[in-house]
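> No sequence on hand, only this structure:
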C-alpha cells in the first residue's frame, strides 16, 4: 500500500509577507547604519578641531619651548622662551609680533566678540606661528626654531570651505602690555552645506553636541563655557573670512546670569532666535594655565584653581591637609612645599594679605573690619637728664603747655602705606574700600628713675643720668642708680596729619614718679628709662587724629 506525502511549499502570500518584513528590517538597519556613519563623520571633524585646541592649550601652558638648536645665543641652549610671554613681541610689529602679543579685551564671558586682535586660524595665517620651524610653511609663518615635540600638525586637512565645522579664530584674552593670558577662546564656524540647502539646516549645528563631547573627553579637556555665536551674513570658511563678523547669541531670559545661549541648548530657545541670523557657530572658552604653577608675572595660572563666582573668573585656592575642605573641626588651611630631599616642609606665602574679622570701633562698638598683618618693632624714648634743660622732669604739671610734637625725646616714625581692599559685595558701585594706618604701643621696660646717684656715704643726690633702654640686650645692666617709686605711666600714639611733609606718628609718654630726695611727685617726659613695643597695621577703622594745637599735659 503506497504512503501519501503531506509536505507542501510556501504560498505566494506567505513569501510576500516575509519579504516585506525583511524589507522593513533592512530599511531600519540602513537608516541606523547611515546615522552611525554620519555620527562617526561628525566625530572625525570634531577630533580635528579639538586636537588643535589641545595643542594650543599645551603651547600656552609652556614657560619654555624645548628646541633642538640654539636660538640667537640663548643662555640656556635647547630652550626657547615661550613667545606668547616674551615681551620683545609687540602689537605694533609684523604679523608674528601681533600673533604672539595681541590680547583681546573681552574680559567678561558676556561680551560680544572683539572685532580686532584675534588670530585667524588657517595654515597660511597665524596658525603657522604655533608650528615648528621644520614645517617650512610656504608663507614663512612658522616658529623661530624646531620643536622637540609637536604641539599642532604642520597643516590642517585641506578643504575648510567643504567641512561642516571649522576652527576659524583663536582669542587670547588678557593684557597685551603684560602679556598675561586669562582665558583662551576658540571660535568654530558651522557650514551646513551649499546654498540649495534649506534654511533650517543652519540650526542642525546641535547635531555636533555629542561629537564634541566625545572628542573633548578623548583629550581630557573640559571647557569652562560653550556659547552659541552667529553672523548676520553667511560666510564661507576661507582665508578672507576667518573670524569676521561673529556676535554672541543672546536671548532675553535664556540664562539667569549672562543671557547667552549655551551650546547644546539651542532647541530650547529656537522660537526666540532673531531673524537676522544667517550662520551659527560656537565659542569654546578655556581658563589659561590650568595645571601649571603660578608665575610671578601672572602669565600662567595656578596648579589648584577655584571658581570665583563673584568675579566670573578662576582664582588661586589653597588645599586643606586632608583634601576634604576642612581639617577636623577647625578648617585650618595648610600651605606646604617640598625641599630638595622631597620632604614636605612649611611653605612660605609672600603676599600682601587682608584679613576680615571682628574689631572695636570707638563710634560703633564691635564691627566686622578689614585689617592687614601686624608689624612689631621695639623703640625707646630719648629724653635724658644731662641735656641741661628742664624738659625732662616737670614739677608743675598744671602750667605745662608744650605740644607733643615739640617735646624732646619723643619717638617719630613715618606712617605706613596701606593697600586698597576689594569692594564690599553689597556695594553696587564696586568702589574699593579704604584702609587706614593704625598703631598701638605697649610698655616693654620701665624704671622709676629721676636721675639719682648713690654717694660713698650711702645717701642719694642729684646729678645722675637716666637709665637708657635704647638697647634691649643691655636693659638689665643699664639701671645702676637708685630708683624711686613709680606711681603710673601714660603712653600715647599720635597720628600727625602733615600735608606739607607727609603724615607721621609721634609716640609720647609721661611717667609719674615719687622723688625720694625731695619727697615730691614729679612727671617725667619721654624718659630714656622707658621703652615700648609698637604694633602697626592697616584697618578699615580709622585711628583718631590728634589736634596738635592742644597741649598734652603730663600726669
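Looks like it came in fine. Quantities reported herein were computed from a predicted structural model and do not represent experimental measurements.
> Which parts of this protein are helices?
Using DSSP state H, the helices of the chain run over 12-61, 95-101, 209-219, 475-478.
> helices and strands around the second one, which ones?
Yep, that's helix 95-101 we're talking about. Helices and strands touching helix 95-101, by 3 or more C-beta pairs under 8 Å, 6 or more residues apart in numbering; DSSP states H and E: there are none. In this view, the C-beta of every residue, glycine as well, is placed from N, C-alpha and C.
> of all the helices of the chain, which gets the most neighbours per residue?
helix 95-101 (a mean of 20; mean count of other C-beta atoms under 10 Å).
> Any chance you could list what contacts that one?
83-84, 86-87, 89-91, 93, 117, 119, 126, 129, 141, 176, 179 (C-beta atoms under 8 Å, 6 or more residues apart in numbering).
> Check the offset of it from the chain's centre.
Relative to its chain's centre, helix 95-101 lies at 25 Å (C-alpha atoms, centre = their mean, to the nearest Å).
> low-confidence ranges in the stretch 201-350 of the chain?
Where the stretch 201-350 of the chain drops to pLDDT under 70, the residues are 252-258, 290-335, 337-340, 342.
> What are the boundaries of the strands in it?
With strands called from DSSP state E, counting those that start in this stretch, the stretch 201-350 of the chain shows them at 225-231, 247-248, 279-287, 305-308, 313-316, 336-338, 344-346.
> What strands line up against the second one, and which way round?
Read that as strand 247-248. As defined by DSSP bridges, the strand partners of strand 247-248 come to strand 225-231 (antiparallel).
> so how many other residues sit close to residue 150?
13 (other C-beta atoms under 10 Å).
> Quickly list what residue 120 is bridged to.
residue 169.
> give the contact list for it.
126-127, 168-169, 239, 242-243.
> Quick one: buried ones out of those residues?
126-127, 168-169, 242-243 (16 or more other C-beta atoms under 10 Å).
> wait, which of those residues is closest to residue 392?
Of all the buried ones among the contacts of residue 120, residue 392 sits closest to residue 126, with 77.0 Å by C-beta to C-beta.
> ok, that closest one touching residue 119?
Yes: using C-beta atoms under 8 Å, residue 126 is in contact with residue 119, at 3.7 Å.
> And the pLDDT at the closest residue to residue 242 other than its chain neighbours?
Among residues not flanking residue 242 along the chain, residue 120 sits closest, at 3.9 Å (C-beta to C-beta, 6 or more residues apart in numbering). Residue 120 carries a pLDDT score of 86 in this model.
> Over to residue 185?
So, for residue 185, pLDDT stands at 91.
> re earlier: can you check the contacts of helix 95-101 and name whichever has the most neighbours?
Busiest of the contacts of helix 95-101 [other C-beta under 10 Å] is residue 84, holding 26 neighbours.
> Distance check, it against residue 97.
12 Å (C-beta to C-beta, to the nearest Å).
> Now for the protein, the helix or strand with the poorest mean pLDDT.
None of the helices or strands of the chain scores lower by mean pLDDT, DSSP states H and E than strand 460-462, at a mean of 49.
> tell me the contacts of the closest residue to residue 143 other than its chain neighbours?
Closest residue in space to residue 143, ignoring its immediate chain neighbours: residue 133 at 5.4 Å, by C-beta to C-beta, 6+ apart. By C-beta under 8 Å, 6+ apart, the contact set of residue 133 is 142-147.
> again with residue 113
So residue 113 contacts 106, 171, 185, 187, 229, 246-248, 283 (C-beta under 8 Å, 6+ apart).
> Can you say which of these are buried?
Judged by 16+ other C-beta under 10 Å, buried ones among the contacts of residue 113: 106, 171, 185, 187, 229, 246, 248, 283.
> domains of the chain?
Using automatic domain parsing, the domain parsing of the chain gives 35-287, 355-539.
> nearest to residue 22, of those?
domain 35-287 (20.4 Å).
> thinking again about what came up before, could the contacts of residue 133 go into a markdown table alongside neighbour count?
Formatted as a markdown table, the contacts of residue 133 follow (neighbours: other C-beta atoms under 10 Å):
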| residue | neighbour count |
| --- | --- |
| 142 | 20 |
| 143 | 23 |
| 144 | 14 |
| 145 | 21 |
| 146 | 14 |
| 147 | 20 |
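> now, which of the residues you listed sits nearest residue 408?
residue 144 (67.8 Å).
> Look up how far residue 184 lies from that closest one.
22 Å.
> do the same with residue 542
Distance from residue 542 to residue 184, by C-beta to C-beta: 44 Å.
> more neighbours, those two?
residue 184 (21 against 15).
> And the helices of the chain: which comes nearest residue 336?
Short answer: helix 12-61, nearest of the helices of the chain by C-beta to C-beta, at 23.3 Å.
> quick one on the thing from earlier: got any residues that touch both of residue 126 and residue 119?
Common neighbours of residue 126 and residue 119 (C-beta under 8 Å, 6+ apart) are 99, 170.
> which regions of the stretch 51-200 of the chain lie under the pLDDT threshold?
69-77, 106-112, 137-139, 158-161, 193-200.
> Tally up the residues packed near residue 275, please.
6.
> any idea how far residue 415 is from it?
Counting by C-beta to C-beta, the gap from residue 275 to residue 415 is 63 Å.
> So what's the residue count around residue 525?
Residue 525 has 23 nearby residues by other C-beta under 10 Å.
> pretty sure it is touching residue 406, no?
No: with contact defined as C-beta under 8 Å, residue 525 does not count as touching residue 406 (10.8 Å).
> Tally up the residues packed near residue 121, please.
Residue 121 has 26 nearby residues by other C-beta under 10 Å.
> dump the residue contacts of it.
Taking C-beta under 8 Å, 6+ apart as the test, what residue 121 contacts is 52, 127, 167-170, 242-243.
> one more time with 7 Å
127, 167-170, 242 (C-beta atoms under 7 Å, 6 or more residues apart in numbering).
> just the residues you listed now: which is nearest residue 483?
residue 170 (79.0 Å).
> show me the residues around the closest residue to the closest one other than its chain neighbours that make contact.
Leaving aside its sequence neighbours, residue 170 sits nearest to residue 119 (C-beta to C-beta, 6+ apart; 4.5 Å). Applying C-beta under 7 Å, 6+ apart to residue 119 gives the contacts 99, 126, 169-170.
> Distance of the residue lying closest to residue 237 once chain neighbours are set aside relative to residue 215?
In this structure, residue 237 finds its nearest non-sequential neighbour in residue 166, 4.0 Å apart by C-beta to C-beta, 6+ apart. Distance of residue 166 to residue 215, given as C-beta to C-beta: 14 Å.
> do residue 534 as well
Residue 534 is 62 Å from residue 215, by C-beta to C-beta.
> circling back: could I get the contacts of residue 133 as a markdown table with distance to residue 349?
As requested, the contacts of residue 133 are arranged in a markdown table below (distance: C-beta to C-beta, whole Å):
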| residue | distance to residue 349 |
| --- | --- |
| 142 | 42 |
| 143 | 37 |
| 144 | 37 |
| 145 | 37 |
| 146 | 40 |
| 147 | 36 |
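> Which of those sits closest to residue 426?
For these, the nearest to residue 426 is residue 143 (49.4 Å; C-beta to C-beta).
> shouldn't that closest one be in contact with residue 126?
No: using C-beta atoms under 7 Å, residue 143 makes no contact with residue 126, being 11.9 Å away.
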